[in-house]
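Trainee: Build me a structure from this.
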Amino acid sequence: MIWLRRVFLSVQVPPKAARAILHTEAEALNALLTAVGPDRDLVDEPDPLTPGWPAWDLETAFVWALPGIAQTKATKLIARKRPRLYPIWDSVVSEVLGTERAHLNPVREALRADDGALHHRLLSISEEAGLPREISALRVFDVIAWMDGKNRGLGERSDLER
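Mentor: Numbering: from 1, shown residues only. Below is the predicted model:
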């Protein structure tokens, strides 16, 4: 039951989806999460991420198999378990980045560009802000991108549709 701990932090999971995560689909989801491997920095992933990459397949499993789990909730659940590896997708960040549904490779490529300049800058921001080491560069990226978008009024229509 590797999903049990902290699975609900800042994510409201509908009852049927929670039952699936913790019971009916637990074995399959746990196997996919195990296949992802240990947490590691997304910037260090050498190859483009495609279907068949275990974390991609895990997100797909959440979105397609669990009632009430869309892409934002799926990515938050995965990011909670692999905070250095998996970016959170939502409509605001999508607009900031200029991506619609794709998020893995654009974020990975941005972090890797110029010998990891963005990744190193995010680590520097984290250190300057006095954040605990457990807060990954990727989480700093997620927060900055989301705050920038919200400050520019992005995602407003999506918020009304929820």
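Trainee: can you list the weak-confidence ranges in this protein?
Mentor: Along the chain, the parts satisfying pLDDT under 70 run over 1-10, 156-162.
Trainee: Which parts of it are helices?
Mentor: For the chain, the helices defined by DSSP state H occupy 15-19, 26-36, 54-65, 71-81, 91-97, 104-128, 137-151, 156-161.
Trainee: can you tell which of the ones you listed is closest to P46?
Mentor: helix 104-128 (8.9 Å; CB to CB). Every C-beta, even on glycine, is put in place using the N, C-alpha and C of the backbone.
Trainee: Could you check the angle that closest one makes with helix 137-151?
Mentor: Helix 104-128 and helix 137-151 meet at an angle of 100 degrees, taking axes from the mean of the first three to the mean of the last three CA atoms, to 10 degrees as the criterion.
Trainee: For helix 104-128, name the packing helices and strands.
Mentor: Secondary-structure packing of helix 104-128 (3 or more CB pairs under 8 Å, 6 or more residues apart in numbering; DSSP states H and E): helix 91-97, helix 137-151.
Trainee: Nearest to L85, out of those?
Mentor: The nearest among those, by CB to CB, is helix 137-151 at 7.3 Å.
Trainee: Could you list every helix and strand that that closest one packs against?
Mentor: Packing contacts for helix 137-151, counted by 3+ CB pairs under 8 Å, 6+ apart, involve helix 71-81, helix 91-97, helix 104-128.
Trainee: can you do 10 Å?
Mentor: If you count contacts as 3 or more CB pairs under 10 Å, 6 or more residues apart in numbering; DSSP states H and E, helix 137-151 packs onto helix 71-81, helix 91-97, helix 104-128, helix 156-161.
Trainee: Turn these into TSV, columns for distance to L22 and mean neighbour count.
Mentor: Formatted as TSV, the helices and strands packed on helix 137-151 follow (distance: least, CB to CB, whole Å; neighbours: other CB atoms under 10 Å):
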stretch	distance to L22	mean neighbour count
helix 71-81	12	21
helix 91-97	28	21
helix 104-128	26	16
helix 156-161	29	10
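Trainee: Out of the ones you listed, which is closest to L49?
Mentor: With CB to CB as the yardstick, what comes closest out of the helices and strands packed on helix 137-151 is helix 104-128 (4.4 Å).
Trainee: List of residues touching stretch 102-121?
Mentor: Identification of contacts with stretch 102-121 by CB atoms under 10 Å, 6 or more residues apart in numbering yields 41-50, 53, 55-56, 59, 71, 75, 85-90, 93-94, 97-99, 122-123, 136-138, 140-142, 145.
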